[in-house]
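> with the sequence up front, the predicted model follows.
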Amino acid sequence: MMIAALGVISQIFSTHFGPGIGGDATIYITSARNLLAGQGLGLITANGNFRLLPYFPPLYPLVLACFGLFGSDLVIIAKVLNIILFGIFIWLIGFVTYLLKRSATFSVLAAFLVATSPVLVPVFSWAMAEPLAMVLGFGSMAFLIPVLQQPRNSHHRWRLWAGITAGLSMLTRYSNLAFPLTGAIGLWVLSGQGIRRKLVDAILYLSISALPTAIWLVIDLLSTSTISSRAVESSLGMTQRLISLSPALREVFLFWLVPDSWVSSPPYPKVANTVFVIAGILVLITWMVIVFRSFYIKKALSKVDPGLQFTILLFVFILVYLVVISAVYIVTYPPITIGSRMLSPVHVAVLWLIVMLAILSLEISGAKLVEGSRLHFLPGMILVSLFFVVGWYGWRSLRIVQQNYALGLGFNSLAWQHSPTIQVVRGLPEDAILVTNEEMAILFLTGRRAYPMMEIYLSRPLDETSFPDNTLPRFGESEVPGDTGQQLFHQGRALLVLFNSISDQLQSIYGNHTSDRVRSMQAGLKVIFCGEDGCVYGNP
């Protein structure tokens with residue numbers, strides 16, 4: 001409980017100015033507000049049409065709306081909810097670890113790893129669905145423990161709770177399909193029953209966990225004619241995604257090991273970063289092979305050891321989640337973002353897996369499973385290593401919390417809250433039509449709806465052959481499919497609110513020609529306002 005309290009305190013400081021709010025968080029909060037206002041769970045677009053919650057499953061905004069019935073501001077609700085969930089999550093990891101192996105030392109270490117993780121502290125600081133999804137998902141794995149231990153004693157209630165929580169996790173984040181799949185694999189491989197019974201249990205579990213999301217997808221399909229408002233990527237796009245997947249995963253894994261600033265500019269030869277990632281993966285795989293081989297081939301300990309079963313579940317989850325995320329990233333459009341937040345469940349599973357492998361390794365040492373070896377040094381080495389990781393993580397997370405406390409996060413940061421451009425937008429006539437590259441920032445900070453710049457959304461250059469002649473058209477004269485905002489701007493009926501973030505947004509599209517595109521976009525436009533973080537333009 002003390003470690004959970006430490007995590008809660010860190011989140012209180014990290015969200016000093018409010019929880020992190022970005023584009024996705026704005027969609028969640030605005031959708032919940034619209035539901036409370038009787039308009040439905042979704043967004044009102046700039047042209048006044050209602051759009052069902054785009055891209056995302058509905059549980060998180062539904063939870064926000066439920067608490068919003070009591071009249072509290074949804075941003076505050078999101079902050080308090082995440083703080084409480086972080087405390088619960090830390091307690092869950094430590095409590096389940098203790099139940100599995102009755103080791104107070106390692107349960108404390110597991111809880112500390114989660115509480116100090118530089119990946120999880122930011123994730124729980126943002127008003128996003130991951131905290132709720134992870135608590136439900138890993139809770140579902142915990143509910144499976146008694147089912148796998150005594151499958152013939154008909155633990156129907158635990159199986160039911162496992163299926164429900166796994167299903168609700170997927171209803172919070174689609175990527176958490178990995179939890180139901182992992183549970184089904186666990187029931188099939190680890191339950192120790194006959195094939196027919198295994199099949200029945202796995203199908204029943206999947207049916208229970210799939211039902212909530214299946215109902216939502218039917219609603220989504222009937223309302224939008226797509227599943228989660230996504231489409232299938234072209235074959236060329238799939239090839240490009242496949243090529244970019246490995247570097248993206250490498251960056252995420254590297255951040256688990258070193259500070260973010262060292263990822264791009266390390267204080268040592270940059271090739272070492274690749275070595276760190278490869279070595280980390282190889283060490284973890286080798287460690288797992290040694291432990292599993294010792295248990296299954298040497299047969300010195302029971303095959304139904306709950307710690308070993310849960311370790312296998314964690315390993316299966318890591319593989320399944322990576323396969324699911326990779327498939328979605330490669331196949332669907334618009335693309336998901338491969339980042340620390342997206343892979344935070346894998347991070348948790350890896351940390352927990354390391355702790356469980358450490359416990360099992362000590363049991364192997366105590367049972368003398370490795371013939372002829374002297375392993376008296378093993379307990380001390382493992383404990384020292386884990387305490388070092390806790391200290392390393394704690395130092396990194398402290399710096400993250402200090403920065404969040406001083407500057408804020410996302411649209412709740414000091415920079416956005418005091419944005420000169422936002423102040424100008426607030427003062428524009430209410431009937432002014434806006435087009436912008438930051439429509440979610442304008443929506444959250446001013447309550448005004450704006451048309452997005454489709455050039456960013458489509459993630460495709462207008463015409464690369466015009467470079468380096470710099471002949472790309474200015475905004476309002478580009479032919480971008482479905483770009484209603486640009487058409488209105490061309491007609492002189494809309495204003496362009498262009499934030500400085502436009503360069504970063506276009507970087508992946510135009511590469512070295514980004515600055516040329518930004519200049520050509522603004523060339524000859526009527527400047528209404530220009531400040532340190534953006535400008536407002538009219539069509540001349």
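Great, that's in hand. Numbering: from 1, shown residues only.
> how many neighbouring residues does residue 171 have?
By other CB atoms under 10 Å, 27 other residues sit near residue 171. Glycine gets a C-beta too; all of them are placed from N, C-alpha and C.
> from residue 159, how far out is it?
If you measure residue 171 against residue 159 using CB to CB, to the nearest Å, the figure is 19 Å.
> with residue 221 instead?
Separation of residue 221 from residue 159 (CB to CB): 29 Å.
> equivalent analysis for residue 198, please.
For residue 198, the distance to residue 159 - CB to CB - is 13 Å.
> for residue 459, same thing?
According to CB to CB, residue 459 stands 43 Å off from residue 159.
> who has more neighbours out of those two?
More neighbours surround residue 159 than the other of residue 459 and residue 159, with 21 against 14 (other CB under 10 Å).
> and the pLDDT for the residue nearest to the more buried one when sequence neighbours are not counted?
Using CB to CB, 6 or more residues apart in numbering and skipping residues adjacent in sequence, the residue nearest residue 159 is residue 147, 5.0 Å away. pLDDT, residue 147: 86.
> residue 378 now?
pLDDT recorded at residue 378 is 67.
> give me the contact list for stretch 480-492.
The contact list for stretch 480-492, computed with CB atoms under 8 Å, 6 or more residues apart in numbering, reads 46-47, 433, 435, 450-455, 458, 462, 475-478, 494-496, 538-539.
> so how do I select the buried members of the residues you listed in ChimeraX?
This is how ChimeraX selects the buried members of the contacts of stretch 480-492, with burial counted by 16 or more other CB atoms under 10 Å:
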select :46,433,435,450,451,452,453,454,455,458,462,475,476,478,494,495,496,539
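> quick one: which of the contacts of stretch 480-492 sit in helices?
Counting by DSSP state H, the members of these that fall within helices are 454, 455, 458.
> tell me the one of the residues you listed nearest residue 347?
Set against residue 347, the nearest of the ones in helices among the contacts of stretch 480-492 by CB to CB is residue 458 (31.6 Å).
> residue 528 belongs to a strand?
Yes - membership of residue 528 in a strand is supported by DSSP: H, G, I helix; E, B strand; the rest coil.
> helices and strands of the protein: which one bottoms out on pLDDT?
Taking mean pLDDT, DSSP states H and E as the measure, the chain has strand 231-232 as its least confident helix or strand, at a mean of 74.
> now for it, which elements pack on it?
Here strand 231-232 touches strand 332-333, going by 3 or more CB pairs under 8 Å, 6 or more residues apart in numbering; DSSP states H and E.
> partners of the strand it packs on in the sheet?
Paired neighbours of strand 332-333 in the sheet (DSSP bridges): strand 231-232 (antiparallel).
> I figured residue 191 was touching residue 148, is that so?
Yes - contact criterion CB atoms under 8 Å: residue 191 and residue 148 qualify, at 5.7 Å.
> for residue 280, what are its contacts?
Contacts for residue 280 (CB under 8 Å, 6+ apart) come out as 253, 256, 257.
> just the ones of those residues in helices?
Using DSSP H, the contacts of residue 280 in helices are residue 253.
> so which of the contacts of residue 280 is the closest to residue 231?
Nearest member of these to residue 231, counting by CB to CB, is residue 253, at 29.2 Å.
> the closest one contacts residue 279, correct?
No - between residue 253 and residue 279 there is no contact under CB under 8 Å: 11.1 Å.
> which of those two has more neighbours?
residue 253 (20 against 12).
> and the more buried one, what's its pLDDT?
On pLDDT, residue 253 comes in at 95.
> any idea how far it lies from residue 536?
Residue 253 sits 42 Å away from residue 536, going by CB to CB.
> also residue 381?
Separation of residue 381 from residue 536 (CB to CB) stands at 61 Å.
> which of those two has more neighbours?
Taking neighbours as other CB under 10 Å, residue 381 and residue 536 compare with residue 536 leading, 22 against 12.
> just confirm the more buried one is within a strand.
Yes - Residue 536: assigned to a strand according to three-state DSSP.
> quick one: contacts for it?
Counted by CB under 8 Å, 6+ apart, residue 536 has contacts 421, 424, 425, 428, 495, 496, 497, 498, 527, 528, 529, 530.
> hmm, the second one is touching residue 529, no?
Right, the one you point to is residue 424. Yes - when contacts are counted by CB under 8 Å, residue 424 is listed as touching residue 529 (4.8 Å).
> what's the closest non-adjacent residue to residue 358?
The spatial neighbour of residue 358 that comes closest, neighbours along the chain excluded (CB to CB, 6+ apart), is residue 382 at 4.7 Å.
> in which helix or strand does the one you found reside?
helix 378-407 (DSSP states H and E).
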